[in-house]
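Novice: give me the fold of what follows.
(one chain, ligands or ions: 1)
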Amino acid sequence: MTTNRQWLVDASPRGRALELTDFKYNEAGVEPLGKGEVRVKVECLSFEPSQKGQIEVIAGYSSGTAIGDVMGARGIGEVVESNDPGLAVGKKVLGSLGWQELASIPGRSLQELPNDQFLTAHLGPLGAQGLTAYFGLLRIGQPEPGDTVVVSGAAGAVGSVVGQIARINGCRVIGTAGGPDKCAAVVNEFHFDAAIDYKNDNVKARLKEHCSNGVNVFFDNVGGPVLNDVLARIASHARVVICGGISRYEQESLPAGPANYFNVVFRQARIEGFLLSGYEREYPVALDRLKGWIESGELVYKEDIQEGFDNIPATLKRLFTGANFGKQLLKM
Ligand SMILES: NC(=O)c1ccc[n+]([C@@H]2O[C@H](COP(=O)([O-])OP(=O)(O)OC[C@H]3O[C@@H](n4cnc5c(N)ncnc54)[C@H](OP(=O)(O)O)[C@@H]3O)[C@@H](O)[C@H]2O)c1
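Specialist: Residues are numbered from 1 along each chain as shown. Below you'll find the predicted structure:
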């Protein structure tokens, strides 16, 4: 009988850092497929900060995975057995495959993908991260040509795309990232106008230097002290887009609100959060535009590809230490 190696959720990391022991190795048998189901050999997994929330079961952000379940994850794989007449063996598919070698899943829940050079990009710039950047910036941030846009988490999967879309829209773009190597990539590879190393620089002083007329749009992926420093420099009628707040995802208690929040009143500014899921009907148009920018070379992306089934739990931890450099993926 075929054995399916899996990682199960074994503990909730709520209020603390993620640990490798939050996951448990498991071997399961492979059952016959039901009607409409296909068997997918998992080839590449996507890692996202919200996966920690997923096992803390935070209502409203992502649906939960219970203790004892296979850890949930989006991934790409190949159909190796099919009971779905619409999905033949050999097709590449994207879906909620989970941390396991073989996923048995309804064919209709999967997205069929062309097996071309963009295959893994569907887990990043042509997937949830690209779409998050697109709708968060263009709909909530509403950048105008000539605006100064600041992006936190600028070397990451979402942040690097946000900055490039802002540039395509004629804005000046400043990114914050952790460490000199990431800051160099933000400027040299993603073509931001400047980068601020929030781990080593005086963020307030660098914001003053690079945003002398204030910040028109702040796209925030991290929250915490960076958010507070940018709030002190917002321009009149600024838009502050709250996409994520990874600086708080491993904290024990909820941090106090940013001390500079009252500048929102003085600057008549707006702070607005959003969830990507609110824009589902518009994904096809956004994906066409993102793909066009990638093909024309206006939008570049970086993938950080780890390898091996055994390294799956450790790869998720990389997001919270900043070890990932670009979209975090793992090839099985
Ligand atoms: N609203 C939505 O619908 C939606 C959808 C998708 C993602 N998101 C959010 O978007 C954000 C980015 O996600 P992503 O997938 O693109 O991840 P990512 O930026 O590729 O990876 C996470 C990065 O966060 C940074 N980080 C970790 N701990 C930090 C801390 N304490 N303070 C500041 N930065 C820290 C690290 O970069 P450095 O090395 O630069 O510190 C790390 O590389 C996350 O907050 C996520 O929750 C929201």
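Novice: residues from the stretch 151-300 of the chain in reach of the ligand?
Specialist: For the stretch 151-300 of the chain, the contact set with the ligand under C-beta under 6 Å from any ligand atom comprises 153, 155-159, 177-178, 182, 221-222, 224, 243-244, 246-247, 274-276. From N, CA and C alone the C-beta is placed, and that goes for glycine too.
Novice: all strands for the stretch 1-150 of the chain, in order.
Specialist: Here the stretch 1-150 of the chain has its strands, by DSSP state E, counting those that start in this stretch, at 3-9, 23-29, 37-46, 74-82, 92-96, 102-106, 111-113, 148-152.
Novice: let's have those in a markdown table, adding mean pLDDT.
Specialist: Below are the strands of the stretch 1-150 of the chain laid out as a markdown table (pLDDT from 0 to 100):
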| stretch | mean pLDDT |
| --- | --- |
| strand 3-9 | 96 |
| strand 23-29 | 97 |
| strand 37-46 | 98 |
| strand 74-82 | 98 |
| strand 92-96 | 98 |
| strand 102-106 | 98 |
| strand 111-113 | 97 |
| strand 148-152 | 98 |
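Novice: pick the most buried one from these.
Specialist: Mean neighbour count, computed with mean count of other C-beta atoms under 10 Å, is highest for strand 148-152 among those, reaching a mean of 30.
Novice: show me what that strand is packed against.
Specialist: Helices and strands touching strand 148-152, by 3 or more C-beta pairs under 8 Å, 6 or more residues apart in numbering; DSSP states H and E, are helix 157-168, strand 172-177, strand 215-220, helix 224-231.
Novice: starting at the chain centroid, how far to the last one?
Specialist: Centroid separation for helix 224-231 versus its chain: 20 Å, with C-alpha atoms, centre = their mean, to the nearest Å.
Novice: that helix vs strand 148-152, what angle?
Specialist: 170 degrees (axes from the mean of the first three to the mean of the last three C-alpha atoms, to 10 degrees).
Novice: and if you look at the longest one?
Specialist: Note on geometry: by the same axes, to 10 degrees, helix 157-168 and strand 148-152 are set 170 degrees apart in direction.
Novice: helix 157-168 packs against which elements?
Specialist: In terms of contact count using 3+ C-beta pairs under 8 Å, 6+ apart, helix 157-168 is assigned the packing partners helix 128-135, strand 148-152, strand 172-177, strand 215-220, helix 283-296.
Novice: got the buried residues for the last one?
Specialist: The neighbour-count check on helix 283-296 (16 or more other C-beta atoms under 10 Å) flags 283, 286-287, 290-291, 293-294 as buried.
Novice: which residues sit against stretch 23-38?
Specialist: For stretch 23-38, the external contacting residues (C-beta atoms under 8 Å, 6 or more residues apart in numbering) are 1-10, 39, 70-71, 79, 81-84, 87, 93, 99-100, 102, 104-108, 110, 312-313.
Novice: can you pull the pLDDT of Val158?
Specialist: We note a pLDDT of 98 for Val158 in this prediction.
Novice: do the same with Gly60
Specialist: pLDDT for Gly60: 47.
Novice: on the three-state scheme, Gln306 is what?
Specialist: Secondary structure for Gln306, judged by DSSP: H, G, I helix; E, B strand; the rest coil, is strand.
Novice: got a list of what it touches?
Specialist: Contacts of Gln306 (C-beta under 8 Å, 6+ apart): 314-315, 318, 328-331.
Novice: hey, C-alpha coordinates of stretch 33-46 in PDB?
Specialist: Extracted in PDB, the C-alpha atoms of stretch 33-46 (Å, rounded to 0.1, in the frame of the first residue of the first chain):
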ATOM      1  CA  LEU A  33     -10.700   8.100  -4.600                       C
ATOM      2  CA  GLY A  34     -14.400   9.300  -4.300                       C
ATOM      3  CA  LYS A  35     -16.500  10.500  -7.200                       C
ATOM      4  CA  GLY A  36     -15.000  13.700  -8.700                       C
ATOM      5  CA  GLU A  37     -11.800  13.400  -6.700                       C
ATOM      6  CA  VAL A  38      -8.300  13.500  -7.900                       C
ATOM      7  CA  ARG A  39      -5.000  12.500  -6.400                       C
ATOM      8  CA  VAL A  40      -2.300  15.200  -6.600                       C
ATOM      9  CA  LYS A  41       1.400  14.600  -6.000                       C
ATOM     10  CA  VAL A  42       2.500  17.700  -4.200                       C
ATOM     11  CA  GLU A  43       5.500  19.400  -5.800                       C
ATOM     12  CA  CYS A  44       5.800  22.900  -4.400                       C
ATOM     13  CA  LEU A  45       4.300  24.500  -1.300                       C
ATOM     14  CA  SER A  46       3.600  28.200  -0.500                       C
END
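Novice: sorry, back to before: now the helices and strands packed on helix 157-168 in JSON lines, with distance to Asn228?
Specialist: As requested, the helices and strands packed on helix 157-168 are exported to JSON lines (distance: least, C-beta to C-beta, whole Å):
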{"stretch": "helix 128-135", "distance to Asn228": "23"}
{"stretch": "strand 148-152", "distance to Asn228": "11"}
{"stretch": "strand 172-177", "distance to Asn228": "12"}
{"stretch": "strand 215-220", "distance to Asn228": "11"}
{"stretch": "helix 283-296", "distance to Asn228": "31"}
